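Colleague: Take a look and give me a structure for this.
(chains A and B)
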Protein chains: 2
Amino acid sequence: MYNGRILTMEDNREIFSGEVWINNSEIERVICYATNKKEDTKESFDREIDLQENLLMPGFKNAHAHAPMTFLRSYADDLPLQQWLFEKVFPMEAKLLPEDMKWLSKLAIMEYVTSGITSSFEMYLNLDMLAQAAMETGFRMVLCGPINSQFGTAKEAVEQLKKWYECYNERDSLVSMHLGFHAEYTTPKEMLYEIAKLARDKKAPVYTHNSETEKEVLECKERYHLSPTKYLNSIGMFEYGGGGFHCNYLDEEDMDIFKEKKLYVVTNPASNMKLASGIAPITRLLEKGVKVAIGTDGPASNNCLDMFREMFLVTGLQKLVTKKADAMNSYDVLKMATVGSAEAMRLSNCKTIAKGQKADLIIIDLKQPNMQPLHNIEKNIVYSGSKQNVILTMVNGNILYEKGEFFIGVDKEEVYKKANEIANRCKL
Amino acid sequence: MYNGRILTMEDNREIFSGEVWINNSEIERVICYATNKKEDTKESFDREIDLQENLLMPGFKNAHAHAPMTFLRSYADDLPLQQWLFEKVFPMEAKLLPEDMKWLSKLAIMEYVTSGITSSFEMYLNLDMLAQAAMETGFRMVLCGPINSQFGTAKEAVEQLKKWYECYNERDSLVSMHLGFHAEYTTPKEMLYEIAKLARDKKAPVYTHNSETEKEVLECKERYHLSPTKYLNSIGMFEYGGGGFHCNYLDEEDMDIFKEKKLYVVTNPASNMKLASGIAPITRLLEKGVKVAIGTDGPASNNCLDMFREMFLVTGLQKLVTKKADAMNSYDVLKMATVGSAEAMRLSNCKTIAKGQKADLIIIDLKQPNMQPLHNIEKNIVYSGSKQNVILTMVNGNILYEKGEFFIGVDKEEVYKKANEIANRCKL
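Modeller: Got it, this is the predicted structure:
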């Protein structure tokens, strides 16, 4: 890919004119024209892409999602949270068949790639179906343990978790996995102890929904006289790090634990707005040195899987709540959506454009009116960027999306047909 | 345009399968296949568009904007409000030449049509240049009087306002105009009196920035012992209606005046977030029966001109501040962005899809993953819709944008080149 503007997302490296060579799944060479003169190469490539001075950058990483929930999009909106969850989401989810989850995940993957998302961190009931969707489409997915009281006894549930964990981390593949559980409030005490023990055995990080709502925090305090973060930390859950999804209601001590245990906060601003849950204290977290990543959450609550929307909201909401127009610098947000999320997902080889990193890349069309003039391309992406600017999305060296077309091993019409069939069958 | 799903935005009319015929600038016929059998017509058309079961709906109306401010996009972000305004915006604007404003407006118009916006309500220094941009590109524009202390004496300024008003309302054209002034805090008392008098003479509505920030309201109270709304009403400004842009800090009495005088609130949620100004009390306004429209504000503060972003924010922010996930129904938001904004701009012939209405229409691609499944298309548009879904934008019966291409009488590369030149020349 030549004749482009390259944004590597490496520290202190500005956008430069240059090209990037890809060999199989990896970046083989990054050439800056200012220091390496552009020359006719003798190398032969399968394909050469003229970037036409558009931007090549690392793909976005969606650090929290529930891909199969696409079937609930726009079915249960504008409802109070409890009614939404107990009268719509849970009864409809109960009707899903395993195969459904694969189709619905493929629909989500299609949406991801239209938004320049090259990998996602997924929690859902049946991880095998998600993994299959990822492998069949060529998308990079990190699975997150979803267990809670629905998975049987503590022993049974953690046995399942361990089985998945060993299965999906055994080989170099598009799919990897981290330990996790749904949330403190849905997981029995004995199960939490068993998970903490497994995490210490495996020396592994643990991820979970944490302090999404005020109610959740209050109820945990009633049960254990501790906030979710303090309680989980007290039972040795985070000896090898991990993270929390949402984290809208962390107090100063909770944040200190996040800092000390190197836990990531994964913020989901659109979902938290739409369900009226709250706003994560990102500005304060960054002041304290806590690392932050960004996720879309599932399409039942967001309802779209669009990293551009999330980036704008991360900065906009912080400006609003702190009443400071200079709060939450946009470059830091861009870093969260790429490097930060990759680190939270432990995708250390998918962070930047550099030799040896995986070729998980996107091309951003700068020749759209929302990207003009070209004062500051990074700010343009965060403040005025849109899915419309994504020309191409490449995962592991393969193009999955280019100029509106999908290359994911299945016809888009077939995915839509299946998704509508499933949605209609699950209707209440 | 046949074989489509038609969303007319008329009251109590659901989406139906059908077609729409256009004759010159107007809608000639709306056919619902359920009641009028699809038949081979003997009519001959210049062009027939197969909608392929995608959605045809009225275009969005952007009820508050400053089109030429495109040159400031991403130049002055992440700064405190006062520094942003006085150290960046004003000094750079002072360097603009009239011709610049035309080019910069064309860039904004391009961005509008990519987002399905078919008309805008524009306040800026030189209205003639905006009008020219609209007429040359074929875009529908409503001008708003921009006067303030920069326009000379009260008499001179109001003379200019009157001249514009008479010039742009004399004929049926793409461009019309309403009386207006920048804001209470930038307009001398004598000038406000003269404007109010002119409004009564012309029996015309008046529009202005109103209660955008807390500071603005406090300072007005110091000056006149009244809020901006109460003060302006007290001098007879709103005898024939009009509206306020932003309106983040209205008290109950202000809202009562809005209701009584049939004033429109034009909300600009993205801009108000980014500048940390606040959130308009939309839920309360609707409870009281005040009419609401939606605008993007200018690209220096937003930074993009995307009605999909605004619609999501209108509902999302209300859910967040009221702590109710069922606040601010999405259909009402869609109505605001189309019919509501058209009414605020007094474009009574651009509201719906119906015989005799202007052909200001858009086609929404439903065959994108973010629009699937098709549970509820209206909700999909508000919650997961994106500029990416806009296939075609038609204004006054002419296609200005189709499948990524612009048909606005000028090459896009030329507009970008000019915009970058102007931006570089105005840099500080």
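Colleague: The stretch 251-400 of chain A: helices as residue ranges?
Modeller: A:252-260, A:269-274, A:282-287, A:307-322, A:330-335, A:341-344, A:377-379 (DSSP state H, counting those that start in this stretch).
Colleague: what about the shortest one, near chain B?
Modeller: Meaning helix A:377-379. Yes: contact between helix A:377-379 and chain B, assessed by Cβ under 8 Å from any Cβ of the partner chain, occurs at A:377, A:379. The C-beta positions use only the backbone N, C-alpha and C, and glycine is treated the same way.
Colleague: other SSEs contacting that helix?
Modeller: helix A:330-335 (3 or more Cβ pairs under 8 Å, 6 or more residues apart in numbering or on different chains; DSSP states H and E).
Colleague: Quick one: list the elements packing against the helix it packs on.
Modeller: helix A:307-322, helix A:377-379.
Colleague: Sort out which residues of that helix are buried, please.
Modeller: Within helix A:330-335, the residues scored as buried using 16 or more other Cβ atoms under 10 Å in any protein chain shown are A:330, A:332-335.
Colleague: now stretch A:392-411
Modeller: A:392-402, A:406, A:408, A:410.
Colleague: My guess is A:E99 contacts A:M129. True?
Modeller: Yes: contact criterion Cβ atoms under 8 Å: A:E99 and A:M129 qualify, at 7.2 Å.
Colleague: show me what contacts A:G340?
Modeller: A:G340 sits next to A:63, A:264, A:291-294 when contact means Cβ atoms under 8 Å, 6 or more residues apart in numbering or on different chains.
Colleague: Any chance of these in JSON lines with neighbour count and pLDDT as columns?
Modeller: Listed next are the contacts of A:G340 as JSON lines, based on neighbours: other Cβ atoms under 10 Å in any protein chain shown; pLDDT from 0 to 100:
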{"residue": "A:A63", "neighbour count": "33", "pLDDT": "98"}
{"residue": "A:Y264", "neighbour count": "27", "pLDDT": "98"}
{"residue": "A:K291", "neighbour count": "20", "pLDDT": "97"}
{"residue": "A:V292", "neighbour count": "24", "pLDDT": "98"}
{"residue": "A:A293", "neighbour count": "25", "pLDDT": "98"}
{"residue": "A:I294", "neighbour count": "28", "pLDDT": "98"}
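Colleague: Tell me which ones among those also neighbour chain B, please.
Modeller: Within these, nothing lies near chain B by Cβ under 8 Å from any Cβ.
Colleague: Greatest separation within those residues: which pair is it?
Modeller: A:K291 and A:I294 (11.5 Å; Cβ to Cβ).
Colleague: Count the neighbours of the residue lying closest to A:L428 once chain neighbours are set aside for me.
Modeller: Excluding the flanking residues, the one nearest A:L428 by Cβ to Cβ, 6 or more residues apart in numbering or on different chains is A:P91, at 5.9 Å. Number of residues near A:P91 (other Cβ atoms under 10 Å in any protein chain shown) recorded here: 11.
Colleague: A:P91 and chain B, how far apart?
Modeller: A:P91 sits 15 Å away from chain B, going by Cβ to the nearest Cβ, to the nearest Å.
Colleague: which SS class is that residue?
Modeller: Of the three states, A:P91 takes helix according to DSSP: H, G, I helix; E, B strand; the rest coil.
Colleague: and A:V266, what does it touch?
Modeller: A:63-64, A:121, A:207, A:243-247, A:292-295, A:341, A:344.
Colleague: at 7 Å what do you get?
Modeller: A:63-64, A:243-245, A:293, A:295, A:344 (Cβ atoms under 7 Å, 6 or more residues apart in numbering or on different chains).
Colleague: Show me the beta-bridge partners of A:F60.
Modeller: A:I117 (DSSP bridges).
Colleague: The stretch 1-150 of chain A against chain B: which residues are in contact?
Modeller: A:71, A:73-75, A:77-81, A:84, A:107, A:110-111, A:114 (Cβ under 7 Å from any Cβ of the partner chain).
Colleague: what sits opposite A:L55 in the beta ladder?
Modeller: Going by DSSP bridges, A:L55 forms beta bridges with A:R5, A:I364.
Colleague: Would you agree it is in contact with A:N380?
Modeller: No: A:L55 lies out of contact with A:N380 (Cβ atoms under 7 Å); the separation is 9.3 Å.
Colleague: ok, the two, which is more surrounded?
Modeller: A:N380 (26 against 23).
Colleague: In CSV, list the residues of the stretch 1-150 of chain A next to chain B along with secondary structure.
Modeller: Shown next, in CSV, are those (three-state DSSP):
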residue, secondary structure
A:F71, helix
A:R73, coil
A:S74, coil
A:Y75, coil
A:D77, coil
A:D78, coil
A:L79, coil
A:P80, coil
A:L81, helix
A:W84, helix
A:L107, helix
A:M110, helix
A:E111, helix
A:T114, helix
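Colleague: any chance of the residues you listed in JSON lines, with distance to B:E14, pLDDT and neighbour count too?
Modeller: Converted to JSON lines, these look like this (distance: Cβ to Cβ, whole Å; pLDDT from 0 to 100; neighbours: other Cβ atoms under 10 Å in any protein chain shown):
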{"residue": "A:F71", "distance to B:E14": "22", "pLDDT": "91", "neighbour count": "31"}
{"residue": "A:R73", "distance to B:E14": "19", "pLDDT": "90", "neighbour count": "34"}
{"residue": "A:S74", "distance to B:E14": "15", "pLDDT": "87", "neighbour count": "26"}
{"residue": "A:Y75", "distance to B:E14": "17", "pLDDT": "84", "neighbour count": "20"}
{"residue": "A:D77", "distance to B:E14": "17", "pLDDT": "81", "neighbour count": "26"}
{"residue": "A:D78", "distance to B:E14": "17", "pLDDT": "80", "neighbour count": "21"}
{"residue": "A:L79", "distance to B:E14": "20", "pLDDT": "79", "neighbour count": "16"}
{"residue": "A:P80", "distance to B:E14": "25", "pLDDT": "75", "neighbour count": "14"}
{"residue": "A:L81", "distance to B:E14": "28", "pLDDT": "73", "neighbour count": "19"}
{"residue": "A:W84", "distance to B:E14": "23", "pLDDT": "82", "neighbour count": "22"}
{"residue": "A:L107", "distance to B:E14": "25", "pLDDT": "97", "neighbour count": "28"}
{"residue": "A:M110", "distance to B:E14": "28", "pLDDT": "98", "neighbour count": "26"}
{"residue": "A:E111", "distance to B:E14": "26", "pLDDT": "97", "neighbour count": "26"}
{"residue": "A:T114", "distance to B:E14": "28", "pLDDT": "98", "neighbour count": "24"}
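Colleague: Distance check, the closest residue to A:V206 other than its chain neighbours against chain B.
Modeller: Nearest non-adjacent residue to A:V206, counting by Cβ to Cβ, 6+ apart: A:G242, 4.0 Å away. Plainly put, A:G242 is 28 Å away from chain B if you go by Cβ to the nearest Cβ.
Colleague: Backbone dihedrals for A:G242, both of them.
Modeller: A:G242 adopts backbone torsions of phi 130, psi -140, taken as degrees, to the nearest 10.
Colleague: residue contacts, it?
Modeller: When contacts are counted by Cβ under 7 Å, 6+ apart, A:G242 touches A:205-207, A:263.
Colleague: Return the member of these nearest to A:A300.
Modeller: A:Y207 (19.6 Å).
Colleague: and the helices of the stretch 251-400 of chain A as a markdown table, adding distance to A:C220?
Modeller: Output for the helices of the stretch 251-400 of chain A, formatted as a markdown table (distance: least, Cβ to Cβ, whole Å):
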| stretch | distance to A:C220 |
| --- | --- |
| helix A:252-260 | 11 |
| helix A:269-274 | 18 |
| helix A:282-287 | 20 |
| helix A:307-322 | 24 |
| helix A:330-335 | 30 |
| helix A:341-344 | 23 |
| helix A:377-379 | 39 |
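Colleague: which residues does the closest residue to A:A34 other than its chain neighbours bridge with?
Modeller: Nearest non-adjacent residue to A:A34, counting by Cβ to Cβ, 6+ apart: A:F16, 6.2 Å away. When bridges are called by DSSP bridges, A:F16 pairs up with A:I6.
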